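S.K.: need coordinates for the below:
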Amino acid sequence: MNYAEAEQFLFSLNAVARREYLKSPRAAGVYLQRLGFLLKLLRNPEKKIPHYVHVTGTSGKGSVAIMMARVLERSGHTTGLVTSPGIDPLLTRFEVNGQSISRSELAKHTERIKTTLEHYIRVSPYDLPSYFEVLTALGFLFFAARRVSFAVLEVYLGGRNDATNIIPHKDAAIITNIGLDHVALIGPTKTDIAREKIGIVTGPTKFFTAEKNPKLRAIFSAECTRRRATFTQVSVPRQTHADEQGAFNFAGGTYHLPPGLGQHQVSNAALVISAARALGIPERAIQRGLGSVRLPLRFETIQQTPRIILDGAHNPDKIKSTVAAIRALAQQTPGRRKHGAIHLLIGFSADKAIARMLRLLMNLNPRSVACTRFSQNLFRKAASPMELARQIRASWPGRTIEPFLDPLVALAWSKRKLKKNDLLVVTGSLFLASELRAALGKKN
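M.R.: Numbering: from 1, shown residues only. Sure thing, here's the model as predicted:
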C-alpha cells in the first residue's frame, strides 16, 4: 500500500454508514468499546506507551498540547504528539519529537489496520469504528513503533467518549477552559460541556485547569475527588503580560514565547509550566521548550509587510482572543492604529455560532471583508460566502464586503486592498487558514 492508497482508504471510512451514537449521549460509550476491540486485535499498542498527558478544553487545547510536547522533548523524552489537523488532515496529526509521520510510515500502519479491520468486521459485536477512531489507533501504532516515552494527546471532541480517552493511564490531565462549542453534540450548556470534558479524568492523575468559573471548577474538583486525582487551579495574575519579545514571568520563573501570540497564550503556557513542574521536568527544559514553540495557524504571522496573519479561531471564545490580540498588536506597532487599516478574510464551518463571531470581528472596524469558504475538507460543511456577506451588509452597512467561492481568489482580492502598514487577518476556520497557508508558500 502506498500513501495515496492509504489516504483514500482512511477517507473512505467516512462514507460507511454507522450508528450516530452522539445523537444519544447515553449510548456514546460504545465508541470506546469498539475502538478497544480494534486495539485488542492490534495487540494493544496504546499499552506500550509508558506515559501520557491528555489535554482538552474549548480553546487553547492544541496550543497547550504543542507546548507540553516541546517541553517534554527538551527534557530528553522521546515524545509523541496528537493534535487536531490543520495544515494536513493526516500527516500533521501525528508527530514524534517535532517530526510529522512520514508517508511511508502512515501507509505501513494503515495497511496493518486495513488487514485487521477485515477480521474485525467478522468477529466484532460492534459496528465499524469511525474515521477518527481508526486514526487514533494508527497514532498508537506509530508511537509504539517509535518507542515514545511520553505521548501528548489533544482531545478531538469533548473528552469522556473521545477516542483518545481509551488510553490506560494518564500522568497529567489538563482542561484549558469551558466555552460554548459543539453544543449540539456535548452541550447545550457550559455545565453539560464541563461534565463531558472532565471525563478525561478516569483515575488517579494530576489534573490542571485555567477555568475561572467557580461552578465549573466545582464540577472538576468533585470528579477529581471521586477519581482520586489531585486538582490544581492555575491562575495567571492580571498584571502578567508578555512583552514585545514574548518574555513573561510566572510563579517565580522567566519564560519566552514567540512574540505577538496574544495574552491567552501566556495562560496556556502557565498551564504547561504548572503541569511540567508537577511531572518533575527540570526548569531549564521548561524554559527551553517554551522558547522553541511554534504554533502554526494560531495567530501566525505569515508575511510582515503588509502584515498577514493566519488564525484558526473557530468559536466565539477563540475569536474573542483573536480580536484582543489584534488590538494589542495595533497598539504595539507604531502608527498602525492611526495609519494602518485592518482587513479580514473569513470563512466558517456551517455549524458554528457565526452571528456571535461576526459581531466580535466587526468590532475591529475592518476596512474590507472577504467572505469565502474552505474547499479542501470534504467532511465538513462550510458556511455560504454569500450568506456571510449578506449578514455583514445588513448589520454593518457601509463596508467593502465581497463573497468569493474560491479562497485563493478571496486572498488575491484582499491583498490588493492592502497598503504598507495594513493588517490582513485570515480567521474563522482552521481549514481555511491551513488552505491559504499553503497558498502563501508555507509547508509545515
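
S.K.: rest of the way, CA atoms for contacts and neighbours
M.R.: OK.

S.K.: gap between the residue nearest the centre of the chain and residue 304?
M.R.: The centroid of the chain falls nearest to residue 62 when counting by CA atoms, centre = their mean (3.6 Å). According to CA to CA, to the nearest Å, residue 62 and residue 304 sit 25 Å apart.

S.K.: host element of residue 119?
M.R.: According to DSSP states H and E, residue 119 maps onto helix 103-123.

S.K.: quick one on the thing from earlier: correct me if wrong: the residue nearest to the centre of the chain contacts residue 81.
M.R.: No: taking CA atoms under 8 Å as the definition, residue 62 is not a contact partner of residue 81, at 10.1 Å.

S.K.: now the common contact residues for these two.
M.R.: residue 154 (CA atoms under 8 Å, 6 or more residues apart in numbering).

S.K.: still on that earlier bit, separation between the residue nearest to the centre of the chain and residue 221?
M.R.: For residue 62, the distance to residue 221 equals 23 Å [CA to CA].

S.K.: with residue 111 instead?
M.R.: For residue 111, the distance to residue 221 - CA to CA - is 43 Å.

S.K.: rewinding a little: show me which residues of the helix holding residue 119 are buried.
M.R.: Neighbour-count burial for helix 103-123, counted by 16 or more other CA atoms under 10 Å, picks out 105, 106, 107, 108, 109, 110, 111, 113, 117, 120.

S.K.: with stretch 31-49 instead?
M.R.: For stretch 31-49, burial by neighbour count (16+ other CA under 10 Å) applies to 31-39, 41-42, 44-46, 48-49.

S.K.: got the contact list for it?
M.R.: 21, 113, 116-117, 120, 124, 126-129, 133-134, 137, 140-141, 143-144, 147-151, 161-163, 165-168.

S.K.: how far off centre is that stretch?
M.R.: 24 Å (CA atoms, centre = their mean, to the nearest Å).

S.K.: and what of stretch 354-363?
M.R.: That offset, for stretch 354-363, works out to 21 Å (CA atoms, centre = their mean).

S.K.: same question, stretch 61-78
M.R.: Distance, centroid of stretch 61-78 to centroid of chain: 14 Å (CA atoms, centre = their mean).

S.K.: what does stretch 93-112 give?
M.R.: Distance, centroid of stretch 93-112 to centroid of chain: 19 Å (CA atoms, centre = their mean).

S.K.: again, but for stretch 367-387
M.R.: Worked out by CA atoms, centre = their mean, stretch 367-387 lies 19 Å from the chain centre.

S.K.: output it as PDB, nothing but the C-alphas.
M.R.: Output of stretch 367-387 as PDB, limited to C-alpha atoms (Å, rounded to 0.1, in the frame of the first residue of the first chain):
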ATOM      1  CA  ARG A 367     -11.900  48.300   6.000                       C
ATOM      2  CA  SER A 368     -12.700  45.300   3.900                       C
ATOM      3  CA  VAL A 369     -14.100  41.800   4.500                       C
ATOM      4  CA  ALA A 370     -13.600  38.900   2.000                       C
ATOM      5  CA  CYS A 371     -16.200  36.200   2.700                       C
ATOM      6  CA  THR A 372     -15.200  32.800   1.500                       C
ATOM      7  CA  ARG A 373     -15.100  29.100   2.400                       C
ATOM      8  CA  PHE A 374     -12.600  26.300   2.900                       C
ATOM      9  CA  SER A 375     -12.600  24.000  -0.200                       C
ATOM     10  CA  GLN A 376     -10.300  21.100   0.700                       C
ATOM     11  CA  ASN A 377     -12.100  19.400   3.600                       C
ATOM     12  CA  LEU A 378     -14.800  17.100   2.100                       C
ATOM     13  CA  PHE A 379     -16.200  16.100   5.500                       C
ATOM     14  CA  ARG A 380     -17.200  19.400   6.900                       C
ATOM     15  CA  LYS A 381     -19.900  21.700   5.600                       C
ATOM     16  CA  ALA A 382     -18.800  25.300   5.000                       C
ATOM     17  CA  ALA A 383     -20.900  28.300   5.600                       C
ATOM     18  CA  SER A 384     -22.100  30.100   2.400                       C
ATOM     19  CA  PRO A 385     -19.900  33.000   1.500                       C
ATOM     20  CA  MET A 386     -23.000  34.700   0.000                       C
ATOM     21  CA  GLU A 387     -24.900  34.400   3.300                       C
END
